[in-house]
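> Got a predicted structure plus its sequence, pasted below:
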Amino acid sequence: MSKIIVNSPDAPAPIGPYSQAVKAGNTLYVSGQIPFDQATGEMINENITEETHQVMKNLEAILSAAGMTFSNIVKCSIFIKDMNQFATINEAYSVYFKANPPARECVEVARLPKDVNVEISCIAVDI
């Protein structure tokens, strides 16, 4: 089985010793994305809705670099600082999965990188 490192110039560069994504066989493992806008160099933190949309745009850029789309995602992991924002995050997240959404968990955590409010990772399969 081959292992390919996937990077997109349209998503934030890793801030540690990890890759944006790794494709092993037909499965893509995408590292957690935060609401950093690579085009502007700015952290998006006006509100949780905008943060979630930026995270999803970053995931989309990495998926695209691997020749995939949101329809290839089979699992997402969402990490949030405040479970009271769960419904708002769901509303923004649901825009990207109109039918057959992936499996998922959502976990409240004490702190996230760069003190953001949301981070999302995913696993996608090229079938």
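Structure received. Numbering: from 1, shown residues only.
> alpha carbons only for contacts and neighbour counts from here, please
Fine.
> Would you map the strands across the protein?
With DSSP state E, the ranges of strands along the chain come out as 3-6, 21-24, 27-33, 36-37, 42-43, 73-80, 103-108, 118-125.
> export the ones you listed to a markdown table and tack on distance to A13?
Putting the strands of the chain into a markdown table (distance: least, C-alpha to C-alpha, whole Å) gives the following:
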| stretch | distance to A13 |
| --- | --- |
| strand 3-6 | 11 |
| strand 21-24 | 11 |
| strand 27-33 | 10 |
| strand 36-37 | 10 |
| strand 42-43 | 13 |
| strand 73-80 | 19 |
| strand 103-108 | 24 |
| strand 118-125 | 15 |
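> Looking at those strands, which is nearest to E51?
strand 118-125 (7.1 Å; C-alpha to C-alpha).
> ok, back up a step: would you convert the strands of the chain into TSV that also reports mean neighbour count, mean pLDDT and distance to I15?
What follows is the strands of the chain, written out as TSV (neighbours: other C-alpha atoms under 10 Å; pLDDT from 0 to 100; distance: least, C-alpha to C-alpha, whole Å):
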stretch	mean neighbour count	mean pLDDT	distance to I15
strand 3-6	14	97	15
strand 21-24	20	98	13
strand 27-33	22	98	11
strand 36-37	20	97	12
strand 42-43	12	96	14
strand 73-80	19	98	17
strand 103-108	13	98	22
strand 118-125	22	98	14
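> Nice, that's everything, thank you.
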